[in-house]
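A.B. asks: build me a structure from this.
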Amino acid sequence: MTYKDDLKKLRQEAGFNENDPDISASKTRLSDSADAKKPSEKEEPSEKEEKNMSFWQKISLPFVRSSILSAFFFVFITILYIVISHTIVASVRDISRSTLLIFLLKDSIYVILLAGLMYHLLSSQFANNYQLKQEMKKQSEASTQWRAIQSSMMETIPDMLVYTLDKDLKYTSFNNRHKYSMLRMWHQEINVGMGILDMIEDEEVRKNTEAILKQALNGEYVSHVEKYGDNDMTATYWQTYYAPILNENREILGVSCFTTNITSLKQSQNKNLFLSYHDPLTKLYNRVYCEDVFAQAEREDITPYSLIVVDIHGMHQINENYGRQTGDNLLIKVGEIMTKAIKDNGFVARWGSDEFIVLLPHTDTPTAEALANICKLEFTGVTVNGIPLRVHTGFATRNSSEQSLQDVLSTAEVHLSRNISEH
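C.D. replies: Model prediction:
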């Protein structure tokens, strides 16, 4: 199922009408509004270019053309008024034609001079308005282009959920992945202006989200990792970054949030951690892990603390006579039997090539001896590829904080050697 089909299915399950104009509007990408300039559109000249233009080129400019038309209209109407009024006066007062022409010429010159002044004032005003309009147009185009770039960045980052909120924790922007996740989790179709806390139905999740967002609104940068699923190998991990949005005066305007899928990274980390603390063959803990546990137990002064050591008899001869694969199968079998015998009393680790160790915190000597005997009984009659399994055990207990677990281990190995010599 594709992303769009899955999203459509979720909308239908949530009871949304695909024909709803609000939802249709929300589908419109910001990048759709960022129309590039068409090649046929004429580029407006800059202020520097205007100074190098000829008079006839300047006439083509909108504010120059508007100023000339306004001045011409003023001259035409005023001179028409002067001619009509002087003609009427001359007919009433019996003024000679030559005198009338002088008055008309005088008043016409005055009107033309006044029109020139009017043109200068109008052209300055129109030029200012024109430049202001051009700047607003450029800023609008730049803003539209930036929104398109921002939208493209938000949508093209793989496995990234992005959204921004204002100081009232209401959406100002988000990408489709976040919109999809909110629809999937809370069956809510989000839009700009909606409050994010109103979308979250779970009370605990809402309180935690509100607390983190308020931290960001207080100027803190917050990051946390969430795990979805109980199995470490199949669970998904998402890391979220919250940051305050600041203006040029360092005033907080809102919150930005970026959530990215770090499952592959966490799985690699878990795998590396597993390999560093586990034996790759038996999948039991290894010597490195045991030494770390020893140090922790001594720091916490855990007593009593018992150790059981197990040695496989004739491992070298088995590898030489029957092959490494048989020897590996035998080691795996020993680990399985010991783990079953110890149960929840402690844990088993592979200490060396043919040696195993059982760590038993808060276990006294009698209990350790009983568990060692259980292990020996479990090994009785067991064969691997037709080879009987023979093991030897030894144990010791730390009863005082003055003893180190390495000393206890040495004592257990001495006990093991004594048991081997007896057989």
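
A.B. asks: how about the helices in the stretch 51-200 of the chain?
C.D. replies: 55-59, 62-93, 97-156, 176-186, 196-199 (DSSP state H, counting those that start in this stretch).

A.B. asks: could I get the ones you listed as a markdown table with distance to L389 and mean neighbour count?
C.D. replies: Heads up, the C-betas are built off the backbone N, CA and C, glycines and all. Supplementary listing: those in a markdown table, determined by distance: least, C-beta to C-beta, whole Å; neighbours: other C-beta atoms under 10 Å:
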| stretch | distance to L389 | mean neighbour count |
| --- | --- | --- |
| helix 55-59 | 103 | 11 |
| helix 62-93 | 99 | 14 |
| helix 97-156 | 60 | 14 |
| helix 176-186 | 53 | 18 |
| helix 196-199 | 61 | 17 |
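
A.B. asks: and of the ones you listed, who's closest to H316?
C.D. replies: Nearest of the helices of the stretch 51-200 of the chain to H316, taken as C-beta to C-beta: helix 176-186 at 58.1 Å.

A.B. asks: that closest one packs against which elements?
C.D. replies: helix 3-14, strand 160-166 (3 or more C-beta pairs under 8 Å, 6 or more residues apart in numbering; DSSP states H and E).

A.B. asks: you'd agree V382 is up against P388?
C.D. replies: Yes: using C-beta atoms under 8 Å, V382 makes contact with P388 at a distance of 7.5 Å.

A.B. asks: who has more neighbours out of the two?
C.D. replies: Ranked by neighbour count (other C-beta atoms under 10 Å), V382 and P388 place V382 first, with 15 against 12.

A.B. asks: OK, contacts around the more buried one?
C.D. replies: 333, 337, 388-389 (C-beta atoms under 8 Å, 6 or more residues apart in numbering).

A.B. asks: among these, which two are most distant?
C.D. replies: Among the contacts of V382, the pair separated by the greatest distance (C-beta to C-beta) is I337 and P388, at 13.4 Å.

A.B. asks: just to revisit the earlier point, in JSON lines, list the helices of the stretch 51-200 of the chain along with mean pLDDT and distance to S401.
C.D. replies: Formatted as JSON lines, the helices of the stretch 51-200 of the chain follow (pLDDT from 0 to 100; distance: least, C-beta to C-beta, whole Å):
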{"stretch": "helix 55-59", "mean pLDDT": "55", "distance to S401": "98"}
{"stretch": "helix 62-93", "mean pLDDT": "77", "distance to S401": "93"}
{"stretch": "helix 97-156", "mean pLDDT": "78", "distance to S401": "58"}
{"stretch": "helix 176-186", "mean pLDDT": "87", "distance to S401": "51"}
{"stretch": "helix 196-199", "mean pLDDT": "92", "distance to S401": "52"}
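
A.B. asks: can I get those in TSV with distance to H278?
C.D. replies: Formatted as TSV, the helices of the stretch 51-200 of the chain follow (distance: least, C-beta to C-beta, whole Å):
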stretch	distance to H278
helix 55-59	82
helix 62-93	78
helix 97-156	39
helix 176-186	35
helix 196-199	42
